[in-house]
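Chemist: got a sequence here, can you build the structure:
(one chain, ligands or ions: 2)
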Amino acid sequence: MSRAIGWMLAVGVCALAASCLSCGSPVHDQQVAEMGPEPPGEHPGPLHRAGQPCLVCHGWLGPSHTEFAVAGTVYKAINDKTGVDGAIVIFTTPDQNSIAVQTNAVGNFYVVKDRWPLSFPYQVQVQYPKLPNNMKMASPISRDGACNDCHADPAGPARFGHIYLVADVADFPQ
Ligand code: HEC
Ligand code: HEC
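Modeler: Ligands and ions are numbered 1, 2, ... in the order given. The predicted model follows:
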C-alpha cells in the first residue's frame, strides 16, 4: 500500500469515528430527544426522570457522562405510581455473589458502571422492609441492566409495566 493511500484511509477512518462521536446513532439521538429537556425547576441528578429509561442516557452514547450498570425506579403498586423510598433492590449471581441497592426519595436506584461488581447473568428481587414477601423477577437478567427500558408503561408486547411492590395499593404498608 502506498503511503498516500494509507494516509487517506487513516483520514477516512478518523472522519468516520469523529462523526460517530458527534452524532452517535440516529436511533439513540431520537430516543434521547423524545424524552425532552428537564422539566422547569428540575436538575439532572439522582432524583430526576423517575420511570424513564435511565440507561438510554446513562450508557456509553451519553448524553450523561456517568455510565450506569443498572438503574430503574420502584413504585408502590400496579395501580399506584408513587415512587418508593427505601426499597432494596438485590442482585444475585448463580455463585451467590450479591449486591443490594436502596431506592431514593423518588424510587430511583442506580449503580455507576465503574463500581458494579457482578457479571451476567444475575437474578433480581425487590424488598421493602415492611412487607413480608420480596418481588422476584423470574427470569435471570443476562445482558441488560436497563430495568426501566423493559419496565415501562403502558404494559404491552415489549413493555412489562413499571416495577412495583404490591398489586393493590391498599395493601401497601403505611
Ligand atoms: C434524557 C436523558 C436522561 C435520562 C432518561 C436520565 N438521565 Fe440522569 N442525567 C442526564 C444528564 C444529561 C445528566 C447530567 C450530566 C452528566 O451526568 O454528565 C444526568 C445526571 C444524573 C445523575 C448525576 C450523575 C453525576 O455523576 O453527577 C444521576 C445520579 C442520574 N442522572 C440518575 C438518573 C436515573 C436514576 C435515571 C432514570 C430514572 C436517569 N438519570 C435518567 C440525562 C438523563
Ligand atoms: C428484558 C426485559 C427486562 C429487563 C431488562 C428487566 N426486566 Fe424485570 N421483568 C421483566 C418481565 C418480562 C417480568 C415478568 C416475568 C418474570 O418475572 O420473569 C419481569 C418481572 C420483574 C419483577 C417481578 C414483579 C414485577 O414488577 O413485574 C421485578 C421486581 C423486576 N422484574 C425487576 C427488575 C429490575 C430491578 C430490573 C433491572 C435490574 C429488571 N427487572 C430488568 C422484564 C425485564
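Chemist: show me the domain layout of this structure.
Modeler: As recorded under automatic domain parsing, the domains making up the chain are 1-33, 49-171.
Chemist: using JSON lines, lay out these together with distance to E42, mean pLDDT and mean neighbour count.
Modeler: Where you see a C-beta, it was placed from the backbone N, CA and C, and this is true even at glycine. Below are those laid out as JSON lines (distance: least, CB to CB, whole Å; pLDDT from 0 to 100; neighbours: other CB atoms under 10 Å):
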{"stretch": "domain 1-33", "distance to E42": "16", "mean pLDDT": "60", "mean neighbour count": "10"}
{"stretch": "domain 49-171", "distance to E42": "8", "mean pLDDT": "96", "mean neighbour count": "16"}
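Chemist: figure out which of these is closest to P40.
Modeler: Closest of these to P40 is domain 49-171, at 14.0 Å (criterion: CB to CB).
Chemist: any part of that closest one near ligand 2?
Modeler: Yes: on the criterion CB under 6 Å from any ligand atom, domain 49-171 is in touch with ligand 2 at 70, 72, 89, 124, 126, 135-139, 141, 144-147, 149-151, 160, 163-164.
Chemist: and those residues, which of them are in helices?
Modeler: 147, 149-150 (DSSP state H).
Chemist: nearest to ligand 1 among those?
Modeler: Top of the list for closeness to ligand 1, among those and by CB to the nearest ligand atom, is C147 at 8.9 Å.
Chemist: was I right about that closest one contacting I163?
Modeler: Yes: because the distance of 6.5 Å satisfies CB atoms under 8 Å, C147 is recorded as touching I163.
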